[in-house]
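J.: no sequence for this one, just the structure:
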(Lines give C-alpha, C1' and ligand atoms only; values in the text may rest on other atoms or scores of the structure.)
Protein backbone atom coordinates (compact mmCIF):
# COMPACT_ATOMS: atom_id res chain seq x y z
CA UNK A 1 0.00 0.00 0.00
CA UNK A 2 1.33 3.45 -0.93
CA UNK A 3 1.82 5.90 1.92
CA UNK A 4 0.24 9.35 1.89
CA UNK A 5 0.80 12.53 3.86
CA UNK A 6 -2.50 11.96 5.66
CA UNK A 7 -1.23 8.82 7.31
CA UNK A 8 -0.94 9.30 11.06
CA UNK A 9 2.53 8.93 12.52
CA UNK A 10 3.45 9.70 16.09
CA UNK A 11 6.73 11.59 16.12
CA UNK A 12 9.07 10.28 18.78
CA UNK A 13 11.06 12.44 21.13
CA UNK A 14 14.33 10.52 21.27
CA UNK A 15 15.75 8.78 18.20
CA UNK A 16 18.84 6.61 17.72
CA UNK A 17 20.12 6.85 14.14
CA UNK A 18 22.59 4.21 12.95
CA UNK A 19 24.78 4.94 9.91
CA UNK A 20 26.35 1.99 8.09
CA UNK A 21 30.16 1.86 7.95
CA UNK A 22 30.17 1.14 4.20
CA UNK A 23 28.14 4.32 3.65
CA UNK A 24 31.07 6.35 4.97
CA UNK A 25 33.40 5.59 2.07
CA UNK A 26 36.82 3.98 1.77
CA UNK A 27 39.14 6.92 2.49
CA UNK A 28 39.15 9.73 5.06
CA UNK A 29 38.49 12.32 2.32
CA UNK A 30 35.60 10.31 0.90
CA UNK A 31 34.20 9.95 4.42
CA UNK A 32 34.33 13.72 4.99
CA UNK A 33 32.50 14.36 1.73
CA UNK A 34 29.78 11.79 2.40
CA UNK A 35 29.19 12.95 5.96
CA UNK A 36 28.94 16.56 4.86
CA UNK A 37 26.36 15.46 2.31
CA UNK A 38 24.26 13.57 4.88
CA UNK A 39 24.55 15.99 7.83
CA UNK A 40 21.67 18.26 6.65
CA UNK A 41 19.41 15.18 6.63
CA UNK A 42 20.34 14.47 10.26
CA UNK A 43 19.48 18.06 11.17
CA UNK A 44 16.08 17.69 9.46
CA UNK A 45 15.24 14.92 11.93
CA UNK A 46 15.97 17.32 14.81
CA UNK A 47 13.92 20.07 13.16
CA UNK A 48 10.97 17.65 13.15
CA UNK A 49 10.97 17.86 16.96
CA UNK A 50 13.29 15.00 17.88
CA UNK A 51 16.56 14.73 19.74
CA UNK A 52 19.03 12.36 18.13
CA UNK A 53 21.80 9.98 19.13
CA UNK A 54 24.03 8.88 16.25
CA UNK A 55 25.87 5.59 16.02
CA UNK A 56 27.79 4.21 13.08
CA UNK A 57 29.48 1.18 11.61
CA UNK A 58 33.26 0.96 11.32
CA UNK A 59 34.07 -2.25 9.44
CA UNK A 60 36.03 -0.73 6.53
CA UNK A 61 37.64 1.87 8.77
CA UNK A 62 38.83 -0.44 11.53
CA UNK A 63 40.13 -2.82 8.87
CA UNK A 64 42.11 0.01 7.28
CA UNK A 65 43.64 0.98 10.63
CA UNK A 66 44.53 -2.57 11.54
CA UNK A 67 46.05 -3.28 8.11
CA UNK A 68 48.17 -0.12 8.29
CA UNK A 69 49.59 -1.10 11.67
CA UNK A 70 50.16 -4.70 10.54
CA UNK A 71 52.14 -3.60 7.47
CA UNK A 72 54.12 -1.02 9.41
CA UNK A 73 54.88 -3.49 12.21
CA UNK A 74 56.02 -6.13 9.74
CA UNK A 75 58.41 -3.66 8.12
CA UNK A 76 59.66 -2.02 11.31
CA UNK A 77 58.81 -4.22 14.33
CA UNK A 78 61.19 -2.34 16.63
CA UNK A 79 59.64 1.06 16.01
CA UNK A 80 55.97 0.35 15.18
CA UNK A 81 54.04 -1.78 17.69
CA UNK A 82 51.38 -4.29 16.76
CA UNK A 83 47.91 -2.91 17.45
CA UNK A 84 45.09 -5.22 18.51
CA UNK A 85 41.39 -4.90 17.76
CA UNK A 86 40.17 -2.97 20.85
CA UNK A 87 42.66 -0.16 20.22
CA UNK A 88 41.90 -0.10 16.49
CA UNK A 89 38.19 0.11 17.31
CA UNK A 90 38.81 3.05 19.65
CA UNK A 91 40.81 4.83 16.95
CA UNK A 92 38.01 4.35 14.43
CA UNK A 93 35.42 5.72 16.87
CA UNK A 94 37.61 8.76 17.42
CA UNK A 95 38.22 9.75 13.84
CA UNK A 96 34.73 8.90 12.55
CA UNK A 97 33.24 10.87 15.44
CA UNK A 98 35.58 13.77 14.64
CA UNK A 99 34.43 13.82 11.02
CA UNK A 100 30.77 13.61 12.09
CA UNK A 101 31.21 16.49 14.53
CA UNK A 102 32.78 18.63 11.81
CA UNK A 103 30.16 17.71 9.20
CA UNK A 104 27.28 18.48 11.56
CA UNK A 105 29.04 21.70 12.58
CA UNK A 106 29.21 22.82 8.94
CA UNK A 107 25.51 22.01 8.42
CA UNK A 108 24.54 23.87 11.60
CA UNK A 109 26.58 26.90 10.55
CA UNK A 110 24.85 27.02 7.17
CA UNK A 111 21.40 26.75 8.75
CA UNK A 112 22.17 29.16 11.63
CA UNK A 113 21.72 26.50 14.31
CA UNK A 114 23.65 26.57 17.56
CA UNK A 115 23.27 23.03 18.89
CA UNK A 116 26.14 21.14 20.53
CA UNK A 117 27.59 17.84 19.35
CA UNK A 118 30.01 15.45 21.10
CA UNK A 119 31.47 11.99 20.52
CA UNK A 120 32.03 9.38 23.22
CA UNK A 121 34.56 6.58 22.87
CA UNK A 122 32.20 3.84 24.02
CA UNK A 123 32.94 0.53 25.72
CA UNK A 124 30.41 -2.31 25.72
CA UNK A 125 30.55 -4.95 28.43
CA UNK A 126 30.23 -8.52 27.20
CA UNK A 127 30.09 -11.82 29.07
CA UNK A 128 33.46 -13.61 29.02
CA UNK A 129 31.47 -16.85 29.15
CA UNK A 130 29.52 -16.00 25.98
CA UNK A 131 29.51 -19.12 23.74
CA UNK A 132 30.72 -16.96 20.86
CA UNK A 133 34.20 -16.95 22.38
CA UNK A 134 34.37 -20.73 21.90
CA UNK A 135 33.53 -20.42 18.20
CA UNK A 136 35.07 -17.27 16.68
CA UNK A 137 33.59 -16.58 13.24
CA UNK A 138 34.14 -12.88 12.45
CA UNK A 139 37.06 -12.41 10.01
CA UNK A 140 39.29 -9.38 10.58
CA UNK A 141 42.56 -8.05 9.23
CA UNK A 142 44.55 -8.81 6.11
CA UNK A 143 44.72 -12.06 4.13
CA UNK A 144 47.78 -14.13 5.00
CA UNK A 145 49.57 -17.07 3.45
CA UNK A 146 49.43 -20.38 5.27
CA UNK A 147 53.01 -19.81 6.45
CA UNK A 148 52.25 -16.29 7.71
CA UNK A 149 49.18 -17.52 9.57
CA UNK A 150 51.20 -20.33 11.17
CA UNK A 151 53.87 -17.85 12.28
CA UNK A 152 51.24 -15.54 13.79
CA UNK A 153 49.61 -18.47 15.55
CA UNK A 154 52.97 -19.52 17.00
CA UNK A 155 53.59 -15.97 18.27
CA UNK A 156 50.01 -15.54 19.55
CA UNK A 157 48.55 -18.94 20.56
CA UNK A 158 45.30 -17.30 21.72
CA UNK A 159 44.47 -16.23 18.14
CA UNK A 160 42.45 -18.30 15.65
CA UNK A 161 43.06 -18.32 11.89
CA UNK A 162 40.91 -19.87 9.16
CA UNK A 163 41.13 -20.27 5.41
CA UNK A 164 38.75 -17.78 3.74
CA UNK A 165 37.18 -18.81 0.42
CA UNK A 166 40.46 -19.70 -1.27
CA UNK A 167 41.79 -16.17 -0.90
CA UNK A 168 44.13 -16.85 1.99
CA UNK A 169 44.07 -17.15 5.75
CA UNK A 170 42.52 -14.60 8.10
CA UNK A 171 42.21 -14.15 11.79
CA UNK A 172 38.70 -14.69 13.19
CA UNK A 173 37.33 -13.32 16.44
CA UNK A 174 34.16 -13.79 18.46
CA UNK A 175 30.99 -11.73 18.04
CA UNK A 176 29.48 -11.80 21.56
CA UNK A 177 26.14 -10.34 22.62
CA UNK A 178 26.37 -6.78 24.02
CA UNK A 179 25.27 -6.59 27.67
CA UNK A 180 25.93 -3.08 29.00
CA UNK A 181 27.08 0.31 27.71
CA UNK A 182 29.79 1.37 30.16
CA UNK A 183 29.40 5.09 29.36
CA UNK A 184 25.60 5.20 29.19
CA UNK A 185 25.34 7.66 32.12
CA UNK A 186 27.65 10.06 30.29
CA UNK A 187 25.52 9.71 27.17
CA UNK A 188 22.33 10.48 29.13
CA UNK A 189 23.99 13.45 30.80
CA UNK A 190 24.90 14.94 27.44
CA UNK A 191 21.37 14.33 26.12
CA UNK A 192 19.92 16.05 29.18
CA UNK A 193 22.11 19.04 28.33
CA UNK A 194 20.81 19.14 24.75
CA UNK A 195 23.82 17.66 22.96
CA UNK A 196 23.69 15.68 19.75
CA UNK A 197 25.56 12.56 20.89
CA UNK A 198 27.71 10.22 18.78
CA UNK A 199 28.28 6.91 20.57
CA UNK A 200 28.77 3.13 20.26
CA UNK A 201 30.61 3.36 16.96
CA UNK A 202 31.14 -0.03 15.33
CA UNK A 203 28.91 -1.65 17.94
CA UNK A 204 31.20 -0.42 20.74
CA UNK A 205 34.56 -1.64 22.03
CA UNK A 206 34.03 -5.06 23.70
CA UNK A 207 35.30 -5.18 27.29
CA UNK A 208 35.07 -7.65 30.17
CA UNK A 209 35.56 -7.34 33.91
CA UNK A 210 39.08 -8.19 35.09
CA UNK A 211 38.64 -9.41 38.65
CA UNK A 212 42.38 -9.82 39.04
CA UNK A 213 42.44 -6.01 38.79
CA UNK A 214 39.57 -5.21 41.19
CA UNK A 215 36.91 -5.63 38.49
CA UNK A 216 38.32 -3.00 36.15
CA UNK A 217 37.41 -3.29 32.48
CA UNK A 218 39.83 -4.65 29.90
CA UNK A 219 39.41 -4.87 26.14
CA UNK A 220 38.93 -8.17 24.35
CA UNK A 221 39.56 -8.99 20.69
CA UNK A 222 35.99 -9.35 19.50
CA UNK A 223 33.46 -7.62 17.27
CA UNK A 224 29.99 -6.63 18.45
CA UNK A 225 27.34 -6.58 15.74
CA UNK A 226 26.82 -2.87 15.07
CA UNK A 227 23.05 -3.24 14.71
CA UNK A 228 22.72 -4.99 18.07
CA UNK A 229 25.03 -2.38 19.59
CA UNK A 230 22.71 0.31 18.24
CA UNK A 231 19.71 -1.55 19.64
CA UNK A 232 21.26 -1.64 23.11
CA UNK A 233 22.08 2.07 22.83
CA UNK A 234 18.44 2.79 21.95
CA UNK A 235 17.19 0.71 24.89
CA UNK A 236 19.60 2.19 27.44
CA UNK A 237 18.87 5.77 26.33
CA UNK A 238 15.09 5.21 26.52
CA UNK A 239 14.69 6.00 22.84
CA UNK A 240 11.29 5.85 21.19
CA UNK A 241 12.60 5.03 17.73
CA UNK A 242 15.58 3.15 16.33
CA UNK A 243 16.48 4.15 12.76
CA UNK A 244 18.83 1.79 10.89
CA UNK A 245 20.03 3.47 7.71
CA UNK A 246 21.33 1.40 4.83
CA UNK A 247 21.66 1.56 1.03
CA UNK A 248 18.02 0.73 0.21
CA UNK A 249 14.70 2.38 0.98
CA UNK A 250 12.96 -0.76 2.23
CA UNK A 251 13.48 -4.23 3.58
CA UNK A 252 12.30 -6.70 0.93
CA UNK A 253 11.25 -10.32 0.81
CA UNK A 254 12.12 -12.49 -2.20
CA UNK A 255 14.92 -10.01 -2.82
CA UNK A 256 16.21 -9.93 -6.40
CA UNK A 257 13.43 -12.20 -7.68
CA UNK A 258 10.52 -11.33 -10.01
CA UNK A 259 8.13 -11.43 -7.04
CA UNK A 260 10.25 -9.17 -4.80
CA UNK A 261 8.06 -7.31 -2.33
CA UNK A 262 9.09 -4.22 -0.40
CA UNK A 263 7.85 -4.14 3.18
CA UNK A 264 6.43 -0.88 4.53
CA UNK A 265 4.71 -1.79 7.80
CA UNK A 266 5.36 -5.11 9.49
CA UNK A 267 4.78 -6.46 12.99
CA UNK A 268 7.58 -7.99 15.02
CA UNK A 269 5.86 -11.37 14.69
CA UNK A 270 5.67 -11.08 10.90
CA UNK A 271 9.29 -9.93 10.70
CA UNK A 272 10.39 -12.88 12.85
CA UNK A 273 8.54 -15.27 10.54
CA UNK A 274 10.43 -13.83 7.57
CA UNK A 275 13.72 -14.23 9.46
CA UNK A 276 12.85 -17.85 10.20
CA UNK A 277 12.18 -18.40 6.47
CA UNK A 278 15.68 -17.13 5.68
CA UNK A 279 14.39 -14.17 3.69
CA UNK A 280 17.23 -11.81 4.60
CA UNK A 281 20.99 -11.82 4.05
CA UNK A 282 22.87 -13.16 7.07
CA UNK A 283 25.56 -10.50 6.89
CA UNK A 284 23.45 -7.61 5.66
CA UNK A 285 19.73 -7.20 6.28
CA UNK A 286 19.03 -9.99 8.78
CA UNK A 287 21.00 -8.39 11.68
CA UNK A 288 19.05 -5.16 11.15
CA UNK A 289 15.70 -6.93 11.22
CA UNK A 290 16.70 -8.91 14.32
CA UNK A 291 17.77 -5.69 16.06
CA UNK A 292 14.48 -4.06 15.11
CA UNK A 293 12.45 -6.97 16.48
CA UNK A 294 14.35 -6.91 19.78
CA UNK A 295 13.92 -3.15 20.15
CA UNK A 296 10.18 -2.95 19.49
CA UNK A 297 9.55 -5.84 21.87
CA UNK A 298 11.56 -4.20 24.66
CA UNK A 299 8.86 -1.67 25.56
CA UNK A 300 5.37 -0.84 24.27
CA UNK A 301 5.14 1.96 21.74
CA UNK A 302 8.61 1.60 20.27
CA UNK A 303 9.25 1.57 16.51
CA UNK A 304 12.20 0.55 14.37
CA UNK A 305 12.64 2.07 10.92
CA UNK A 306 14.96 0.55 8.32
CA UNK A 307 15.58 2.71 5.28
CA UNK A 308 18.03 4.74 3.25
CA UNK A 309 20.14 7.63 4.47
CA UNK A 310 18.91 9.81 1.59
CA UNK A 311 15.29 9.47 2.72
CA UNK A 312 15.79 9.45 6.50
CA UNK A 313 13.58 12.50 7.08
CA UNK A 314 10.81 11.01 4.94
CA UNK A 315 11.12 7.75 6.87
CA UNK A 316 10.67 9.63 10.14
CA UNK A 317 7.52 11.21 8.68
CA UNK A 318 6.15 7.77 7.76
CA UNK A 319 6.63 8.28 4.01
CA UNK A 320 9.51 5.89 3.38
CA UNK A 321 11.33 2.96 4.94
CA UNK A 322 10.21 -0.27 6.57
CA UNK A 323 8.49 0.34 9.92
CA UNK A 324 8.60 -2.52 12.43
CA UNK A 325 6.19 -2.35 15.37
CA UNK A 326 5.11 -4.69 18.17
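T.: Sure thing, it's come through. Since this is a predicted model, take the numbers as computed values, not measurements.

J.: packing partners of the lengthiest helix in the chain?
T.: As far as residue count goes, and with DSSP state H defining each element, the longest helix of the chain is helix 85-110. Applying 3 or more C-beta pairs under 8 Å, 6 or more residues apart in numbering; DSSP states H and E, one finds that helix 85-110 makes contact with helix 28-47, strand 51-56, helix 59-75, strand 116-119, strand 195-198, strand 205-210, strand 216-219. Placement of C-beta: from N, CA and C, glycine included.

J.: show me where pLDDT drops low in the stretch 1-150 of the chain?
T.: Within the stretch 1-150 of the chain, the stretches falling below the threshold (pLDDT under 70) are 1-12, 22, 141-142.

J.: stretch 272-281: end-to-end distance?
T.: One end of stretch 272-281 to the other measures 14 Å (C-alpha to C-alpha, to the nearest Å).

J.: picking up where we left off before, can I get the helices and strands packed on helix 85-110 in TSV with mean neighbour count and distance to residue 232?
T.: Listed next are those as TSV, based on neighbours: other C-beta atoms under 10 Å; distance: least, C-beta to C-beta, whole Å:
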stretch	mean neighbour count	distance to residue 232
helix 28-47	17	21
strand 51-56	25	10
helix 59-75	17	18
strand 116-119	18	18
strand 195-198	24	15
strand 205-210	20	12
strand 216-219	14	16
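
J.: report the angle between the longest helix of the chain and helix 28-47.
T.: Compare the direction of helix 85-110 with that of helix 28-47 by axes from the mean of the first three to the mean of the last three C-alpha atoms, to 10 degrees and you get 60 degrees.

J.: orientation of helix 85-110 relative to helix 59-75 in degrees?
T.: Following the same axes, to 10 degrees, one obtains 130 degrees for the angle between helix 85-110 and helix 59-75.

J.: ok, back up a step: any chance of the helices and strands packed on helix 85-110 in a markdown table, plus distance to residue 231?
T.: What follows is the helices and strands packed on helix 85-110, written out as a markdown table (distance: least, C-beta to C-beta, whole Å):
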| stretch | distance to residue 231 |
| --- | --- |
| helix 28-47 | 18 |
| strand 51-56 | 10 |
| helix 59-75 | 17 |
| strand 116-119 | 20 |
| strand 195-198 | 16 |
| strand 205-210 | 16 |
| strand 216-219 | 21 |
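
J.: residue 273: which of these is closest?
T.: Ranking the helices and strands packed on helix 85-110 by distance to residue 273, with C-beta to C-beta as the measure, places strand 51-56 first at 27.6 Å.

J.: what packs against the closest one?
T.: Of the remaining helices and strands, those touching strand 51-56 by 3+ C-beta pairs under 8 Å, 6+ apart are strand 14-19, helix 28-47, helix 85-110, helix 184-192, strand 195-198, helix 226-236.
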